[in-house]
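> Sequence below, structure please.
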Amino acid sequence: MTGILEPLAGTAPAVWQKQDDRFDGIRGDSQFERLWTGGRWVEGPVYSPAGRYLLWSDIPNDRILRWDETSYQVSIYRHPAGNTNGHTLDTEGRLISCEHGNRRVTRTEHHGAVTVIASEYDGKRFNSPNDVVVKRDGSIWFTDPAYGIDSDYEGYKGAIETGGCHVYRVGTDGALTRVADDFNRPNGLAFSLDESLLYISDSEEGTLRVFTVDGDKLSGGELFAECGNGIFDGFRLDTEGRVWASAADGVHIYHPDGTLLGKLLVPETVSNLVWGGAKRNRLFLTATTSIYSLFTTANGAPLPFGPRV
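Residues are numbered from 1 along each chain as shown. Coordinates of the predicted model:
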């Protein structure tokens, strides 16, 4: 499976639905660009500002795809890909990936080699690392639900060895710690702008929780929001600290106090999202079979190597 895949050009209505007066001013294009379609379950978008491209996972088809911002061409970046799910960039702009099939978290080096960051805890294999974020200090935080071992659809059917579905941290010294162990299925995660808080979704409970970050430890875990349509999967923050979360009907946008401000309705169930473009005001969505994008009046929170807000 190599070569260029012809993108299917097209548009779809982008409906902005206000729920709170503080949603005023949050707008964008009235149409989505449908950049590509043809996946089985697409996930894990990550935008490279240096390369001006978007990567994402088509998990059941075991491939990572690449969309070029300058040409709109889509090609296969990696196949097989270990049934990758979530991706992010580290403090040096290297690709960090969660691999369902290989039950591990990896880093793609600048020269192309793949380095294993973590594959087991206390000698027991992870379930299927799902989503990952990098803190400005270089530490890597990831969730480990069991979707990749529930069946052969998104990985390989297997047993839970770690006693449950947890959240982990890898320090810059390589030390691995379990930072949260009271989830059903932890999924998406993202830091607040000052990194004092870590938001984590539980996709089986349909909830989004918020933790206080103290070095390599988490405390709290209070309920931040409940999804009113489907479940929360992946999410990202903007420069105002608002949370843009995936849901069955599109993207739900929350004030930092947990109030639902409004929604961006999408034609397909959204799994994840990421900010990109030269001004980080282009929103990319992975939604079931397709990739959508539009420009907004909001700007995405900075990357771990980017300037602070």
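> in terms of contact, does P13 touch R34 like I think?
No: between P13 and R34 there is no contact under CB atoms under 8 Å: 11.2 Å. The C-beta positions use only the backbone N, C-alpha and C, and glycine is treated the same way.
> neighbour-wise, which of these two wins?
Higher neighbour count among P13 and R34: R34, with 19 against 10, using other CB atoms under 10 Å.
> ok, that one to G10 distance?
Between R34 and G10 the distance is 4 Å, computed by CB to CB, to the nearest Å.
> what's the answer for T115, then?
Going from T115 to G10 by CB to CB gives 38 Å.
> Those two: which has the busier surroundings?
Neighbour count, other CB under 10 Å: between T115 and G10, G10 has more, with 14 against 11.
> need the contact list for the more buried one.
G10 makes contact with 33-34, according to CB atoms under 8 Å, 6 or more residues apart in numbering.
> how close does it sit to N130?
29 Å.
> Could you do N184 as well?
N184 is 13 Å from N130, by CB to CB.
> which one of those two has more residues nearby?
Between N184 and N130, N130 has the larger neighbour count (other CB under 10 Å), namely 29 against 14.
> Checking my notes, that one in a helix, right?
No: assessed with DSSP: H, G, I helix; E, B strand; the rest coil, N130 is coil; it does not lie in a helix.
> hang on, it packs against E99?
No: counting by CB under 8 Å, N130 does not reach E99; the two are 10.1 Å apart.
> what residues do the two have in common as contacts?
With CB under 8 Å, 6+ apart, N130 and E99 have common neighbours N85.
> what about G138, neighbour count?
With other CB under 10 Å as criterion, G138 counts 15.
> Could you find the closest non-adjacent residue to it?
In space, and not counting its chain neighbours, G138 is closest to T172: 4.4 Å by CB to CB, 6 or more residues apart in numbering.
> Check the secondary structure at that neighbour for me.
Per three-state DSSP, T172 ends up coil.
> Contacts only, for it.
Contacts of T172 (CB under 8 Å, 6+ apart): 137-139.
> just A248 next, same as before
For A248, the contact set (CB under 8 Å, 6+ apart) comprises 227, 229-231, 269-270.
> ok, of those residues, which come out buried?
Buried members of the contacts of A248, scored by 16 or more other CB atoms under 10 Å, are 227, 230-231, 269-270.
> wait, which of the residues you listed is closest to T259?
C227 (14.3 Å; CB to CB).
> The closest one: what's it in contact with?
Contacts for C227 (CB under 8 Å, 6+ apart) come out as 206-208, 245, 247-248, 252.
> D150: neighbour count?
Using other CB under 10 Å, D150 has 16 other residues around it.
> right, and A287 touches L264 too?
No: look at A287 against L264 with CB under 8 Å: they stay out of range, at 11.2 Å.
> any idea how far T88 is from the nearest residue to D20 once chain neighbours are set aside?
Closest residue to D20 apart from its sequence neighbours, by CB to CB, 6+ apart: L261 at 4.6 Å. Separation of L261 from T88 (CB to CB) stands at 25 Å.
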